[in-house]
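[1] sequence first, then the predicted structure, then my questions.
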Amino acid sequence: MTYLTSDRNNIVEGIPAEQLRAAMLVRERMDKNSYATVTELLLRNVSPVVCLALAPYQRAGVEFILDNDGRALLADEMGLRKTALLEDYVLELWIAMSDGM
């Protein structure tokens, strides 16, 4: 995959700054080349039951949601358990809110 900034033959004009920042965020995540560990998610107060049940790519999704304060769009291939991932996040959020009351 070629990024706009790495291909000198691309002439691009008028891309909004927000879109360029979003593209760079995706590149940074791809360059990171690793998924959040169970321990990292536990340190971010995700329940052990959820942490242990998630596949590595799902842990990356949870990390992404947490990094963005819940403002995230999960757009993966069909069948990768996005619904379960979102349900886990909402459950964790509900539990956290219930504990604070």
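    In hand now; what should we look at?

[2] how close does the residue nearest to Pro48 when sequence neighbours are not counted sit to Arg21?
    Once flanking residues are discounted, Pro48 sits nearest to Leu42: 6.3 Å by Cβ to Cβ, 6 or more residues apart in numbering. For glycine as for every other residue, the C-beta is placed from the backbone atoms N, C-alpha and C. Note on Leu42: its distance to Arg21, by Cβ to Cβ, to the nearest Å, is 30 Å.

[3] so what secondary structure elements neighbour the helix or strand harbouring the residue nearest to Pro48?
    For Leu42, the enclosing helix or strand under DSSP states H and E is helix 38-43. If contacts are counted by 3 or more Cβ pairs under 8 Å, 6 or more residues apart in numbering; DSSP states H and E, helix 38-43 sits against helix 48-53, helix 56-67.

[4] more neighbours, Leu42 and Arg21?
    Counted by other Cβ atoms under 10 Å, Leu42 and Arg21 do not tie: Leu42 has more neighbours, with 14 against 9.

[5] that one contacts Leu52, correct?
    No. Contact criterion Cβ atoms under 8 Å: Leu42 and Leu52 do not qualify, at 9.5 Å.

[6] give me the contact list for stretch 90-101.
    Residues outside stretch 90-101 that contact it (Cβ atoms under 8 Å, 6 or more residues apart in numbering): 45-47, 50, 70.

[7] what does the pLDDT read for the residue sitting nearest the centre point of the chain?
    With distances taken as Cα atoms, centre = their mean, Phe64 lies nearest the centre of the chain, 2.1 Å away. On the pLDDT scale, Phe64 is placed at 82.

[8] for the one 10 residues further on, same thing?
    As summarised for this prediction, Leu74 has a pLDDT of 72.

[9] who are the contact partners of it?
    If you count contacts by Cβ under 8 Å, 6+ apart, then Leu74 has 61, 64-65, 82, 85-86 around it.

[10] need those in CSV (columns: distance to Asp99).
    Below are these laid out as CSV (distance: Cβ to Cβ, whole Å):
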residue, distance to Asp99
Gly61, 23
Phe64, 24
Ile65, 19
Lys82, 26
Leu85, 22
Leu86, 20
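
[11] buried ones among these?
    Burial by neighbour count, judged by 16 or more other Cβ atoms under 10 Å, picks out 61, 64-65, 85 from these.
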